[in-house]
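Enquirer: could you work out the structure for the sequence below:
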Amino acid sequence: MTGKEQTTAGGFKHVHVALVVLFSILTLGVYLAYWFISRRHAIREYEGSQFVPFKWWGIFLVLLSLSFLYKFIGPIFLTPYGVAFFDSIDLIFSYYFLGILYYSVFRLKTIIEDAYEEKLFASWLLVLFHVWYIQYKLNKLGDVDIDEKAFAPQMAK
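Expert: Residues are numbered from 1 along each chain as shown. Reported below is the predicted structural model:
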């Protein structure tokens, strides 16, 4: 972006939802780990404690990156037994990844709703669209905050 990054509510980065979807599909999920790690400061401003496990997201960023590379170059260098072994390990890590993804998404939902003191997220949409839905709502909250700031001087007159 130019000079200053555009932020949404509470210091979260404003990113178009289509880009979040595209990056997470193109990187086979690696971007989702990056998304949490890159927003840890904004999340910690809301919560004040270790509510979202960022250390685990760092570990999964490495594991997902290795898995991403393995999908492209693993079969070239490994025997069929090696491929079967690493496929089984990759499957196990995938389930752990899903677990931490949904744990973190629902923790983030709780943090943001507690800060705004109202119900902002539909749980079933979080299950289906996880980080994509959170980014969409954060963008909308940022738009509302910007509109309120823009109208505040006019209301004072």
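
Enquirer: where exactly do the helices run in the chain?
Expert: Assigned helices in the chain, in chain order: 17-26, 30-38, 40-47, 54-77, 80-116, 123-156 (criterion: DSSP state H).

Enquirer: counting neighbours, what do you get for Leu91?
Expert: Leu91 has 9 neighbours, counted by other CB atoms under 10 Å. In short, each C-beta sits where N, CA and C put it, glycine included.

Enquirer: list the contacts of the nearest residue to Phe97 once chain neighbours are set aside.
Expert: Nearest residue to Phe97, sequence neighbours excluded (CB to CB, 6 or more residues apart in numbering): Phe60, at 5.7 Å. By CB atoms under 8 Å, 6 or more residues apart in numbering, the contact set of Phe60 is 33, 93, 96-97, 100.

Enquirer: neighbour count and distance to Leu64 added to those residues, as TSV?
Expert: Converted to TSV, the contacts of Phe60 look like this (neighbours: other CB atoms under 10 Å; distance: CB to CB, whole Å):
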residue	neighbour count	distance to Leu64
Ala33	25	6
Phe93	16	8
Tyr96	13	11
Phe97	19	7
Ile100	19	11
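
Enquirer: just checking, Leu138 touches Phe12?
Expert: Yes - contact criterion CB atoms under 8 Å: Leu138 and Phe12 qualify, at 4.7 Å.

Enquirer: returning to that earlier point: need the winner for burial among the helices of the chain.
Expert: The highest average neighbour count among the helices of the chain, using mean count of other CB atoms under 10 Å, belongs to helix 30-38 at a mean of 20.

Enquirer: tell me the angle that helix makes with helix 80-116.
Expert: Interaxial angle of helix 30-38 relative to helix 80-116 (axes from the mean of the first three to the mean of the last three CA atoms, to 10 degrees): 40 degrees.

Enquirer: fine by me, we can end here.
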